[in-house]
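**Student:** Fold the following for me, if possible:
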Amino acid sequence: MEWEVILADAVQNGKIRELHLGKIPVLRTTTNWKKVELLGWVDHQLKYTHYRGALVKLNEKLFFVRESTIKALQKYVNWKAKNMIEVIKD
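**Tutor:** Predicted coordinates for the structure are as follows:
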């Protein structure tokens, strides 16, 4: 529960801490993709994981959506945000 509160406001001024990025849950499916709000794109290599996709908000919660999911949904959902989220190393 504590991390949910911290992560809700993790993206500020187009930046997110690397520690927070590693804690964000992955959004694989939802009942209505049109309710998903795109915050920005992420392309960042952590020690063991490469984050390539987008940060989104759904019901005031922050999620990461993988690039493969975004490509599968391109026909149905408009992902036109161009801003990149900068990842700040801890």
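**Student:** just for the protein, where's the confidence low?
**Tutor:** Low-confidence segments of the chain, defined by pLDDT under 70, are located at 1-6, 9.
**Student:** Can you tell me the centre-most residue of this protein?
**Tutor:** Nearest to the mean C-alpha position of the chain, by CA atoms, centre = their mean, lies Leu55 at 1.7 Å.
**Student:** Without its sequence neighbours, what residue ends up closest to that residue?
**Tutor:** On the basis of CB to CB, 6 or more residues apart in numbering, the spatially nearest residue to Leu55 that is not a chain neighbour turns out to be Leu39, at 4.6 Å. Bear in mind the C-beta positions are built from the backbone N, C-alpha and C, glycine included.
**Student:** From the chain's centroid, how far away is the helix or strand encompassing the one you found?
**Tutor:** Following DSSP states H and E, one finds Leu39 within strand 37-45. In terms of CA atoms, centre = their mean, to the nearest Å, the centre of strand 37-45 is set 5 Å apart from its chain centre.
**Student:** can you check stretch 75-82 too?
**Tutor:** With CA atoms, centre = their mean as the basis, the mean position of stretch 75-82 lies at 14 Å from the chain mean.
**Student:** quick one: buried residues of that stretch?
**Tutor:** Neighbour-count burial for stretch 75-82, with 16 or more other CB atoms under 10 Å as criterion, is recorded at no position.
**Student:** What of stretch 47-59?
**Tutor:** For stretch 47-59, burial by neighbour count (16+ other CB under 10 Å) applies to Tyr51, Gly53, Ala54, Leu55, Val56, Lys57.
**Student:** Check which strands are paired with whichever helix or strand Arg52 is part of and give the direction for each one.
**Tutor:** Under DSSP H and E, the secondary-structure element containing Arg52 is strand 50-58. For strand 50-58, the paired strands and their directions (DSSP bridges) read strand 37-45 (antiparallel), strand 61-66 (antiparallel).
**Student:** Convert it to CSV, retaining C-alpha atoms only.
**Tutor:** As requested, C-alpha coordinates have been extracted for strand 50-58 and formatted as CSV (Å, rounded to 0.1, in the frame of the first residue of the first chain):
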residue,chain,number,x,y,z
HIS,A,50,15.2,-3.1,-20.4
TYR,A,51,12.1,-0.8,-20.1
ARG,A,52,10.8,0.0,-23.5
GLY,A,53,7.3,1.2,-23.7
ALA,A,54,5.1,3.8,-22.0
LEU,A,55,4.0,5.1,-18.6
VAL,A,56,0.3,5.4,-18.3
LYS,A,57,-2.3,6.3,-15.7
LEU,A,58,-5.5,4.3,-15.1
